[in-house]
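Novice: Would you be able to build a 3D model of this:
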Amino acid sequence: MKFPVDAREVSLFGTGKEPKPVAKYDASGSRLDGQAVDDSGRLLVTVSLMLAIGDDEVSLINVKVPATNAPALPRFTRVKAVGLVCNPYVSGGKQSFSWSAESVSVTSEQGVSTPTPK
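Specialist: Okay, the predicted model is just below:
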């Protein structure tokens, strides 16, 4: 079951890492040559983001998005994710989450300030 994420309840920030191609797998879980595509045939990439919930909880998440909708996201810039979805699952007896979105982009909202060396 997939859960849409209310973007008003979380803050997302870029990590400065370049988007990476999503590997392609068959139904049995065996890795195939090539890059994964979405239902519309668009190539998928993974974008690394910082997810902040409230004042004291921050997690690094990897979000799958169509490659055409995944620009480079500078470190600590506030990011908007359109259609962000969380998909919880169990793998090897551990609970985990996969994330996907239709697009990610830098917003005009203020991000985190980083200290400037003197």
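
Novice: Every contact and neighbour count from this point should use C-alpha atoms.
Specialist: OK.

Novice: you'd agree residue 32 is up against residue 22?
Specialist: No. Assessed by Cα atoms under 8 Å, residue 32 is found out of contact with residue 22, at 11.2 Å.

Novice: Who are the contact partners of residue 108?
Specialist: Neighbouring residues of residue 108 by Cα atoms under 8 Å, 6 or more residues apart in numbering: residue 78.

Novice: where's it relative to residue 80, distance?
Specialist: Separation of residue 108 from residue 80 (Cα to Cα, to the nearest Å): 9 Å.

Novice: Pull the distance from the helix or strand bottoming out on mean pLDDT in the chain to the chain's centre.
Specialist: Least confident helix or strand, the chain: strand 3-4 with a mean of 88, by mean pLDDT, DSSP states H and E. Strand 3-4 sits 14 Å away from the centroid of its parent chain (Cα atoms, centre = their mean, to the nearest Å).
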